Structures are given as structure tokens and as C-alpha cells.
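# turn this into a model:
(2 chains)
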2 protein chains.
Amino acid sequence: MEKITSRENAKIKYACRLASSGAFRRSEGKFLAEGRKLCPELCRGAALETLFCTEAALEKCPELAGLPGEHYLVEDHVADKLADVGTHQGVFGIFRTPVHTLDEAKTGGRYLALERVQDPGNVGTLLRSAAAFGFDGVLLSDGCASVFAPKTLRASMGAAVRVPVMEVGAMPAAIAALRAKNITCLAAALYQSQPLSAARPGYPGGVCVVIGSEGQGLTEETIAACSGTVRIPMTDRVESLNAGIAGSILLWHFREESL
Amino acid sequence: MEKITSRENAKIKYACRLASSGAFRRSEGKFLAEGRKLCPELCRGAALETLFCTEAALEKCPELAGLPGEHYLVEDHVADKLADVGTHQGVFGIFRTPVHTLDEAKTGGRYLALERVQDPGNVGTLLRSAAAFGFDGVLLSDGCASVFAPKTLRASMGAAVRVPVMEVGAMPAAIAALRAKNITCLAAALYQSQPLSAARPGYPGGVCVVIGSEGQGLTEETIAACSGTVRIPMTDRVESLNAGIAGSILLWHFREESL
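The predicted structure follows:
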């Protein structure tokens, strides 16, 4: 296996650019992921093109050699450059980004739509919960944290490739497209909304749970575009719930019937 | 208002020790919190003894002057020493720790029990969800993240003083004490457990949801001490849920009836 010893190697620089730039990820249609468990996990839903491993990582996990794509050994100081955080496991993969469009959304399906959810941890957590509870796709508006950025990938634990992710630009038009397919779109909103406990667990035409940014919530245009609103009732002992928690409880409520 | 200009001031050193040492917090019965919103929020459930503010913070939030306790202005470099993270808002309070014991647990109540949950973010999040959904108390075993450590306080957003927290040592004996009061204790466990969707939303004698560590789950002794087990059913597209998410969904299921 070829060994990369220089941080200036062209493949390493390319991989680093994928990790740091959303625009570059989009134009190349690829992303970089890190992790001994995460990389094999991502192979279940995305094509691995290039794998970089330190010798120590390969010794610890010889099964990595069985993954597809081109493989390279990298020296520790090169691995440090590939990592976006100080601690890493010495395993990095360049994957082809799965591409999905709103046309794939179908009557009777379950969807999650995120408008301007900026925290990568919240986006990753919600993707993981959507995959866990049998959702058929996740819509992301402009202004959301990038699904294939290193932090989001870590928080989603690979769910980013197990549930179709659709970048939809502005949310109101996307909501209108779902409603044209008879999908009931419910805005998570604090005011003038029905408590979740009173909401039906499912809708024959399908359902889309629509969640807004941590600070501002949903835009008025998006709330107006939805079929209705829903909220999680709480005691007055707290002001709010964490966005990832609140969203996951909504997803649990509208989970796949078999669960 | 007296101004503290030295990082070596005895009150400052005392406050820093409260922030960094769980043993010192316990022996003194006090804790240190940081935040422009968090400190006033904590006053709703704990006695504020000393408040430290930078001039900038007091200008921005003059209402801080209305809080109880002794007040001190602190220079910026002194505030930096009080903060456990780089960014802070220049507002710090020393509070008396509310003390609760297992004797307070009563038949018909709702409880959350955490065994060796080590991540302060997860402990804080679960406290916040427990307060939101009307729980009457939270039991913490040895080995859990400290509720009154700076990170946990931030994640709980003040819920640490809005729901009684009881340190119970070893969990199996605490579970036995609850069961003696007719409280049904349900262990969150992956194996040989009933799906949450099949669990009743409430029990006449009360309920306690028992959650284990992020990596290992509950100890066998604790599972054996419980009345039964429960799990959150999931598709096979993910391996697990985040501990804070899974716990919060359980708390939502067993929420106060009025919600």
C-alpha cells in the first residue's frame, strides 16, 4: 500500500478542502469523513473512493483493508492535518455524496424539514433520529448546517447516508410541493398550535414535520405554507427544550407504524 | 459596589475552587454558576449568596443589581479566571446547593434515575427534559457527572434547581426503596424489554425511568432491581440513539397527565 509522508501531497490537500469547504464539497460531489466506526458505517450508503489510514489504525482494525476504493497509508502528522479536531482515530475516507431531490418525496411518506437549523450537532442528531424512526427523507433549507461537514457527520453517526437528504433552497416552496402530493406539513411552533398529545400519530397522505432555527424558530412564510402547527407541551419550569430533543420527540410521535 | 481587581482575591479563589472541585462543592454546600440568563434563572430555585459582575455586564443588564446577596464588580481579567471556558458573559454567582434526599420520593410521583451517566451535557439535558415534563425528582448514582459543575449547569439551563436532585450512591438500593413505595421502576434496556409503544403511559403508584451510562448501559444489578424493562424501538438503519435523546423520549412518554 502506497504511503503518504507529506502534508503537501495533492490528495491530502484535496481531502482537507473537502472537509473545510461546503462549496467545494458541492462542486466535487464528494465529502471527507473521519472515524474507525464511521467510515465503514458510511460505506453502507455511499461509495468510498479513497481511504487514508495510519499504520496504528490499520493494525487495530485490519478489517479496514476490506473496504472498497483506493487505500493509502498516512504518517501520523499527515493524519493530524486531515483531522478537523485534535483527537482522531487515524481513519479517513473520501466518499461520493448521495444526491436526492424533492421529486423523490412521495404521497404516504414521512419527512422531516429543517429551516435554518445552524448547529451541526442538532442537524446530525435529527438525521439520526429520523433514520431511527423510519423517516423517508430530510429536507434542508438554505442556512442549515452542512450535512456532510465533519461535525455533522459525527453527530449523525452515519445516518446522513441512511436517510435521503434533499437540499431544497427556500422552505415555503418545498412545503407547497409536498402539500401538492397530499402530504400534511406540520410546523413546530410555540404559538397558536395544537399540543402534540392531541395530534394524530399519522396521516393517510403522509406527514412532514417542519422545524426551525434554534433561536428564531420558523419563518412566518413557512408557518403560513404549512397545513397546521404542533407544539410539545411543557410545564412552566423550563423555558424551552433543546432543538435536537424537541425535534426527536416529534419524530418519535410520527414514527413508522411498525415501531 | 466594591471592586475586585486581583485574581488572587480570597473570594475569587474560593469561587474557582467551587467550580473545579465536586468534593469542595459538597463540603461547602455551594456551587458557582456563570451566565447573564442562567444566574437570574437559578435564583428561582436556589439562594444566591454572592454575585460577581464585570462593569460591561452590569451596563448591559442593569436588572442584575436587583438580585439578592452580596455584589462585587470584577475586572475583566478576574472574570476570565472565574470562567471555565474561554467565552463568558461576565456574570457569576455563588449559590447555596438545594439538598434533597430519597425520603422525599412519594408514591404516585414521577422520577428519573441516572446510573453512571458521565457526560455533563447528557445529565443537563435530561434534567431539563425532566423539569419540562413534570417529573418530581431525579436520582443520581455514584459516577454520574456532577449536577452543579459548570458544564452541566449550562446544559440544564437552570433546571438543576427546578427539579429536586437526590444523590443516592449505589442504584439498586435506591430502586428497592422506591419499589417499597409502590413506584414502578422501569429500566431502559435493549434486550428482553418491551417496546415503549406498548408501555402504559402511567402507573397508579408512580413511575421511575432508569437510564444507564452512554457506553455500558445499566448494570445487571440495577436491571434486576427494577420492576421491568422498556426500550425505544428503532429501524435497523441506526445502531443507537444519543443518550439524551433516548432518555427524553422516555420522559415524554411518562409525562405529567395534564401535558
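# could you pull out the helices for the stretch 1-150 of chain A?
A:10-20, A:22-28, A:38-43, A:55-60, A:76-82, A:120-132, A:150-156 (DSSP state H, counting those that start in this stretch).
# list of residues touching the first one?
Outside of helix A:10-20, the residues within contact range by Cβ atoms under 8 Å, 6 or more residues apart in numbering or on different chains are A:4, A:6, A:24-25, A:28, A:30-32, A:50, A:52, A:72, A:74, A:78, A:81-82, A:84, A:92, A:94, A:149-150. Glycine gets a C-beta too; all of them are placed from N, C-alpha and C.
# ok, now with 6 Å
A:F24, A:R25, A:K30, A:F31, A:L32, A:V78, A:L82, A:D84, A:I94, A:P150 (Cβ atoms under 6 Å, 6 or more residues apart in numbering or on different chains).
# if the third one is in a bridge, with which residues?
Same thing as A:K30. With DSSP bridges as the criterion, A:K30 is bridged to A:R96.
# burial count for it?
20 (other Cβ atoms under 10 Å in any protein chain shown).
# ok, the first one next?
Using other Cβ under 10 Å as the criterion, A:F24 is surrounded by 15 other residues.
# quick one: residues contacting it.
Counted by Cβ under 6 Å, 6+ apart, A:F24 has contacts A:R17.
# so how far is A:W252 from A:A132?
Using Cβ to Cβ, to the nearest Å, A:A132 is found at 9 Å from A:W252.
# settle it for me: which of those two has more neighbours?
A:A132 (31 against 27).
# who's in contact with that one?
Shown in contact with A:A132 (Cβ under 6 Å, 6+ apart): B:M234, B:V238, B:L241.
# interface residues of chain A facing chain B?
A:125, A:128, A:131-132, A:134, A:159, A:162, A:233-235, A:237-238, A:241-242, A:245, A:248-249, A:252, A:259 (Cβ under 6 Å from any Cβ of the partner chain).
# out of these, which are inside strands?
Under the assignment DSSP state E, the residues of chain A next to chain B contribute nothing to strands.
# quick revisit: of the contacts of A:A132 - the most surrounded one?
Highest neighbour count within these: B:M234, with 23 neighbours (other Cβ under 10 Å).
# can you pick the most crowded of the contacts of helix A:10-20?
Neighbours here mean other Cβ under 10 Å. Within those, the largest count is held by A:F31, at 28 neighbours.
# I figured that residue hits A:P98, correct?
No - using Cβ atoms under 6 Å, A:F31 makes no contact with A:P98, being 10.0 Å away.
# what mean pLDDT does stretch A:156-164 get?
Across stretch A:156-164, pLDDT averages out at 92.
# wait, I meant stretch A:88-99
Stretch A:88-99 comes out with an average pLDDT of 96.
# now the nearest residue to A:D76 once chain neighbours are set aside: how far from A:A83?
Ranked by Cβ to Cβ, 6 or more residues apart in numbering or on different chains and with sequence neighbours excluded, the top spatial neighbour of A:D76 is A:T54, at 5.8 Å. A:T54 is 11 Å from A:A83, where distance means Cβ to Cβ.
# between these two, who's got more neighbours?
The residue with more neighbours, out of A:T54 and A:A83, is A:T54; 21 against 16, by other Cβ under 10 Å.
# surely that one meets A:A79?
Yes - here A:T54 lies in contact with A:A79, judged by Cβ under 6 Å, at a distance of 5.0 Å.
# find residues that contact each of the two.
A:G90.
# contacts for stretch A:209-225?
Residues contacting stretch A:209-225 (Cβ under 6 Å, 6+ apart): A:112-117, A:119, A:171-172, A:175-176, A:185-189, A:226, A:243, A:247, A:250.
# could you work out the end-to-end span of it for me?
13 Å (Cα to Cα, to the nearest Å).
# now stretch A:213-233
The straight-line separation of the ends of stretch A:213-233 (Cα to Cα) is 19 Å.
# what average pLDDT does it get?
Here stretch A:213-233 scores 92 as its mean pLDDT.
# any idea how far it is from the chain center?
Relative to its parent chain, stretch A:213-233 has a centroid offset of 20 Å by Cα atoms, centre = their mean, to the nearest Å.
# list the buried ones in that stretch?
Using 16 or more other Cβ atoms under 10 Å in any protein chain shown as the test for burial, stretch A:213-233 gives A:213-214, A:217-219, A:222-223, A:225-227, A:229-233.
# also stretch A:64-81?
Buried residues in stretch A:64-81 (16+ other Cβ under 10 Å): A:L64, A:L67, A:H71, A:Y72, A:L73, A:V74, A:V78, A:A79, A:K81.
# including distance to B:G202, could the contacts of A:A132 go into JSON lines?
Below are the contacts of A:A132 laid out as JSON lines (distance: Cβ to Cβ, whole Å):
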{"residue": "B:M234", "distance to B:G202": "24"}
{"residue": "B:V238", "distance to B:G202": "29"}
{"residue": "B:L241", "distance to B:G202": "23"}
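# mind putting those residues into TSV with distance to chain A?
What follows is the contacts of A:A132, written out as TSV (distance: Cβ to the nearest Cβ, whole Å):
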residue	distance to chain A
B:M234	4
B:V238	5
B:L241	6
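# would you list every one of the strands in the stretch 51-200 of chain A?
In the stretch 51-200 of chain A, the segments counted as strands under DSSP state E, counting those that start in this stretch are A:70-74, A:91-96, A:110-114, A:137-141, A:165-169, A:184-188, A:194-195.
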